[in-house]
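Asks: predicted model follows, preceded by the sequence.
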Amino acid sequence: MMGHQSRQMAMIFVDIESLIPETHLLRKIERMVSFDFIYDLLAPYYPATGRPSVDPVSMFKMLLIGYLYGIKSERRLVEEVQLNIAYRWF
């Protein structure tokens, strides 16, 4: 019998953390560095009212990924973060 791929969406629950090797560089950085200082550093530049902003720690981590992996274009960086599970987990 010939197999046939179904186009129906299936619900699969995956723990992203379990997909990242313990020896991955980003996992090591996450263990060693607390990025909470960024909130305190940038607090004076964010108003108390208005629409919530993008998380500054997420933005910093994205730029750090770009630096570490030589991704010079921010558009390319966004694409890479969408595709690479380790980047997304970080």
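Replies: Ah, there it is.
Asks: just the helices in the protein please.
Replies: Using DSSP state H, the helices of the chain run over 16-19, 25-32, 37-42, 56-68, 74-83, 85-89.
Asks: could you check the angle the second one makes with helix 56-68?
Replies: Angle between the axes of helix 25-32 and helix 56-68 is 130 degrees (criterion: axes from the mean of the first three to the mean of the last three CA atoms, to 10 degrees).
Asks: how about residues contacting helix 25-32?
Replies: 20-21, 64-65, 68, 86-87, 89-90 (CB atoms under 8 Å, 6 or more residues apart in numbering). Yep, even glycine has a C-beta here, placed from its N, CA and C like the rest.
Asks: repeat that with 7 Å
Replies: With CB atoms under 7 Å, 6 or more residues apart in numbering as the contact definition, helix 25-32 has outside contacts at 20, 86, 90.
Asks: so what touches the helix-or-strand element of the chain with minimal mean pLDDT?
Replies: Least confident helix or strand of the chain, by mean pLDDT, DSSP states H and E, is helix 16-19 with a mean of 86. For helix 16-19, the external contacting residues (CB under 7 Å, 6+ apart) are 85, 88-89.
Asks: then that helix to CSV, C-alphas only?
Replies: Extracted in CSV, the C-alpha atoms of helix 16-19 (Å, rounded to 0.1, in the frame of the first residue of the first chain):
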residue,chain,number,x,y,z
ILE,A,16,11.3,23.1,22.7
GLU,A,17,13.7,23.0,25.6
SER,A,18,14.2,19.2,25.1
LEU,A,19,15.3,19.9,21.4
